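Undergrad: Show me the folded form of this:
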Amino acid sequence: MTEKNSITKRQHYVPQFYLKRFVNPDGKLNILDCERRKVVASRAPRSVCKEDYFYALNGELDEVSQSLEEGLQKIETDIANGYDDVAKRVSDFKEITHDDKMLVATFMSLQYLRGLYMRKQTKRMDEDFIKKITRLRYGSGNIHTSLDRLENETGEKLSEKEREELIEFAKSGDYRVETNNASHLQLLSQIEGFRNLFYGKRWTVYVSKSSKKFVTSDNPVAEMFPEWTGRFFYGPSFFQRTHYFAMTPDILIVAGDVLRGEKRVKRKTLFDSREGNAKILTLNFTVSRHAIAYAYANDKTLLQDIVDGVNLYDRQQSKKA
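TA: All right, here's what the predicted structure looks like:
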């Protein structure tokens, strides 16, 4: 086990070097509670997007959590060393090189895989798989033989009614399955592969030259699925999904479908105009809508704009109903 004095208990799933780019002049993040639609007290980056032993198998100190923390810190440091230079080249309309796009794609891959969004996804898939296997087992003609064997092994007998209730309960799937973090943590070995997938997508890079800026969230790489058409047997592929990533308050990347000979990165400048500010607000809506719980900004008016816009939309929908 790692030496006690080098143990990292508070583990961030969104790095502080990234969040610090969205702080206000006081060095704190303005915060929107997305569920309550309320701007709440600002906080320092170190106090958000963290859990004790987040990278542990069961949320308690283990070697896995410390090894992953150390490895992820090294990746973050490499990214952080070049991050501002890339952002400046993007904002100054200089050429975005292969290495620039690869660095950003690496960070997008890291954030896509490591956070609460993917943890919830993997736990849901684990639960669905276990329930499916359980339904198959308890729906088979051999289940009574299995229960007979279990009774002989344990010495505990079930009445016919108890057996039927157990079988129906197992087949219904009306229960929760708690799993550890193993499936999610294994995904972190795929950072390089997903980096290549993000790199291969067609990017539209929005640059704000407006007084309005972009927001981020506790789920920095938001994933939007296309409308279901029945064309995808296993659901939309990674390339058919759209990903939104606010690199800085001035830069937001929309990674769309796979490249098909078009320019690999297209820049669009948004100015302080009705059209430009409306586009920024729309993109901020998308970011906040895909947050786990909180959106962050360097200016609280950006967050209030989101709240006001959502409330206005609800009122309009209510009038139509």
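Undergrad: end to end, how far does stretch 291-302 reach?
TA: This stretch, stretch 291-302, spans 15 Å end to end (Cα to Cα, to the nearest Å).
Undergrad: Any regions of the chain where pLDDT drops low?
TA: Applying pLDDT under 70 to the chain flags residues 1-5, 228-234, 259-263.
Undergrad: Next, the residues that contact stretch 124-142 from outside, please.
TA: Identification of contacts with stretch 124-142 by Cβ atoms under 8 Å, 6 or more residues apart in numbering yields 143, 146, 166-167, 170-171, 173, 176-177, 179, 183. C-betas here are computed from N, CA, C, even on glycine.
Undergrad: From those, which land in helices?
TA: Judged by DSSP state H, helices contain the following of the contacts of stretch 124-142: 143, 146, 166-167, 170-171, 183.
Undergrad: and which of those is nearest residue 62?
TA: Looking at those and their distance to residue 62, the nearest is residue 183, at 16.1 Å (Cβ to Cβ).
Undergrad: need the contact list for the closest one.
TA: 122-123, 125-126.
Undergrad: Which two among these are spaced furthest apart?
TA: Farthest-apart pair in these is 123 and 125; separation 7.4 Å (Cβ to Cβ).
Undergrad: Neighbour count for the two, which is higher?
TA: A direct count of neighbours by other Cβ atoms under 10 Å for residue 123 and residue 125 places residue 123 higher, at 17 against 13.
Undergrad: List the contacts of the nearest residue to the more buried one once chain neighbours are set aside.
TA: In space, and not counting its chain neighbours, residue 123 is closest to residue 179: 5.8 Å by Cβ to Cβ, 6 or more residues apart in numbering. Residues in contact with residue 179, defined by Cβ under 8 Å, 6+ apart, are 123, 126-127, 130.
Undergrad: Tell me the one of the ones in helices among the contacts of stretch 124-142 nearest residue 103?
TA: Nearest to residue 103 among the ones in helices among the contacts of stretch 124-142, with distances taken as Cβ to Cβ, is residue 183, at 27.8 Å.
Undergrad: I'd like the distance between that closest one and residue 202.
TA: Taking Cβ to Cβ, to the nearest Å as the measure, residue 183 falls 30 Å from residue 202.
Undergrad: now residue 278
TA: The spacing between residue 278 and residue 202, counted by Cβ to Cβ, is 23 Å.
Undergrad: Likewise for residue 66?
TA: 39 Å.
Undergrad: In this structure residue 211 contacts residue 273, no?
TA: No - applying Cβ atoms under 8 Å as the test, residue 211 and residue 273 come out as separate, 10.7 Å apart.
Undergrad: ok, which stretches of the stretch 1-150 of the chain are strands?
TA: Assigned by DSSP state E, counting those that start in this stretch, the stretch 1-150 of the chain shows strands spanning 10-12, 29-33, 38-43, 50-52.
Undergrad: can you redo the contacts of residue 183 as TSV with distance to residue 247?
TA: Converted to TSV, those look like this (distance: Cβ to Cβ, whole Å):
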residue	distance to residue 247
122	26
123	29
125	29
126	32
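Undergrad: Which members of those residues are positioned in helices?
TA: Filtering the contacts of residue 183 for helices - DSSP H - leaves 122-123, 125-126.
Undergrad: ok, the residues you listed vs residue 244, which is closest?
TA: Looking across these and measuring by Cβ to Cβ, the closest to residue 244 is residue 122, at 21.1 Å.
Undergrad: I figured that closest one was touching residue 190, is that so?
TA: No - distance between residue 122 and residue 190: 11.7 Å, which falls outside the contact criterion (Cβ under 8 Å).
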